[in-house]
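Q: This is the structure alone, sequence omitted:
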């Protein structure tokens with residue numbers, strides 16, 4: 001067993017050090033809070049096994065889980081289990097909705113395990129294409145991809161990022177339909193029934209990581225009905241915005257290679273306020289108007305006309321550009337679009353942003 005302590009202050013480390021258990025091979029403590037994105041990789045680094053895997057803290061492993069994921073594992077393959085969840089989130093083809101308790105204090109383990117045995121007979125050896133935690137992989141394959149991208153620390157979206165990078169690298173993503181975990185959803189991201197909301201730490205971390213995800217991929221997460229990632233093209237886009245407000249700049253910047261605005265003071269204010277939150281260089285991403293714009297796609301707009309349809313256009317741009325076959329000038333509502341190159345960017349693996357963000 002390897003224990004990873006994320007700068008706890010409640011005596012956990014002292015308790016771990018007091019344990020006399022020969023199964024404990026390593027206890028690692030981070031000096032500062034780094035989140036599970038970093039600690040996943042530290043645990044895999046310390047692991048002495050050929051196969052490694054990830055489980056979330058709110059998952060309970062069902063019987064035969066290890067055997068039923070390992071039987072599908074081979075090099076350049078990632079195998080995930082199947083989640084059984086209480087009815088907290090919408091149904092999906094990648095999971096099974098069944099209530100065996102909403103939290104640890106009312107969990108019916110015996111009923112869950114009995115369900116697993118019955119369902120394993122029905123679904124023996126069946127697989128689909130999909131990916132979600134929990135998953136396993138050969139350690140050398142995980143390391144070859146550079147691990148999780150620390151730009152998403154402390155969380156979330158590090159999982160969607162590495163899933164897509166695995167696909168780009170030619171990995172096969174397999175879901176074992178007879179390897180079950182019970183997933184007490186919402187326990188990992190600090191949502192509480194008492195206050196009916198996520199805490200501020202989670203919300204701030206999610207916003208930061210979400211913006212970095214869009215900066216990196218220039219699109220948002222998309223999965224098919226089995227939660228297999230759908231890769232969208234990434235385009236070199238420059239937005240040229242008249243009458244740009246701070247709010248509009250904050251929205252557009254992650255979706256572009258560079259956003260150009262009139263106000264030098266707004267550029268400097270944005271760089272000053274945003275720079276500590278990401279390892280991406282804002283000096284490259286936010287600039288004043290130029291005499292020419294060297295981007296594959298240049299989009300001009302008047303910020304005073306931006307509305308909900310404009311927001312939908314920006315979000316859906318990878319799909320729109322996929323249908324453009326010729327260079328030239330186009331218009332869509334308030335947007336003037338110059339297509340200088342129709343081909344998307346060539347993404348080179350391992351496709352990581354700067355790892356050292358601390």
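A: Structure's in. What do you need? Remember, predicted model here, so these are calculated numbers, not experimental data.

Q: which intervals of the stretch 151-300 of the chain have sub-threshold pLDDT?
A: Residue ranges of the stretch 151-300 of the chain with pLDDT under 70: 186-199.

Q: Please, where are all the helices along it?
A: Assigned by DSSP state H, counting those that start in this stretch, the helices in the stretch 151-300 of the chain fall at 158-168, 200-217, 246-252, 264-274, 282-285.

Q: most packed of the ones you listed?
A: The highest mean neighbour count among the helices of the stretch 151-300 of the chain, using mean count of other CB atoms under 10 Å, belongs to helix 158-168: a mean of 22. No exception for glycine: its C-beta is placed from N, CA and C like everyone else's.

Q: what angle do that helix and helix 200-217 make?
A: 20 degrees (axes from the mean of the first three to the mean of the last three CA atoms, to 10 degrees).

Q: got a list of what the closest residue to residue 49 other than its chain neighbours touches?
A: Once flanking residues are discounted, residue 49 sits nearest to residue 139: 6.9 Å by CB to CB, 6 or more residues apart in numbering. Applying CB atoms under 8 Å, 6 or more residues apart in numbering, one finds that residue 139 lies in contact with 44, 47, 49-52.

Q: what about residue 139, distance to residue 48?
A: Distance, residue 139 to residue 48, using CB to CB, to the nearest Å: 9 Å.

Q: Please apply the same query to residue 321.
A: 47 Å.

Q: more crowded one of those two?
A: More crowded of residue 321 and residue 48, by other CB atoms under 10 Å: residue 321, with 19 against 8.

Q: Would it be right to say that that one lies in a helix?
A: Yes. Membership of residue 321 in a helix is supported by DSSP: H, G, I helix; E, B strand; the rest coil.

Q: Give me the pLDDT for it.
A: On the pLDDT scale, residue 321 is placed at 93.

Q: from the contacts of residue 139, which single one is nearest residue 259?
A: Residue 259 has its nearest neighbour among the contacts of residue 139 in residue 44, at 36.8 Å by CB to CB.

Q: quick one: that closest one and residue 145 touch, right?
A: No. Using CB atoms under 8 Å, residue 44 makes no contact with residue 145, being 11.2 Å away.

Q: Can you tell me which of the contacts of residue 139 end up in helices?
A: residue 44 (DSSP state H).

Q: Max pairwise distance over the contacts of residue 139: which two?
A: 44 and 50 (11.6 Å).

Q: Between the two, tell me which one has more neighbours.
A: residue 44 (19 against 9).

Q: need the contact list for the residue nearest to that one when sequence neighbours are not counted.
A: Leaving aside its chain neighbours, residue 44 sits nearest to residue 52 (4.8 Å; criterion: CB to CB, 6+ apart). The neighbours of residue 52, taking CB under 8 Å, 6+ apart as the test, are 43-44, 136-139, 142.

Q: The helices of the stretch 151-300 of the chain into JSON lines, with extra columns for distance to residue 17?
A: As requested, the helices of the stretch 151-300 of the chain are exported to JSON lines (distance: least, CB to CB, whole Å):
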{"stretch": "helix 158-168", "distance to residue 17": "29"}
{"stretch": "helix 200-217", "distance to residue 17": "27"}
{"stretch": "helix 246-252", "distance to residue 17": "45"}
{"stretch": "helix 264-274", "distance to residue 17": "41"}
{"stretch": "helix 282-285", "distance to residue 17": "43"}
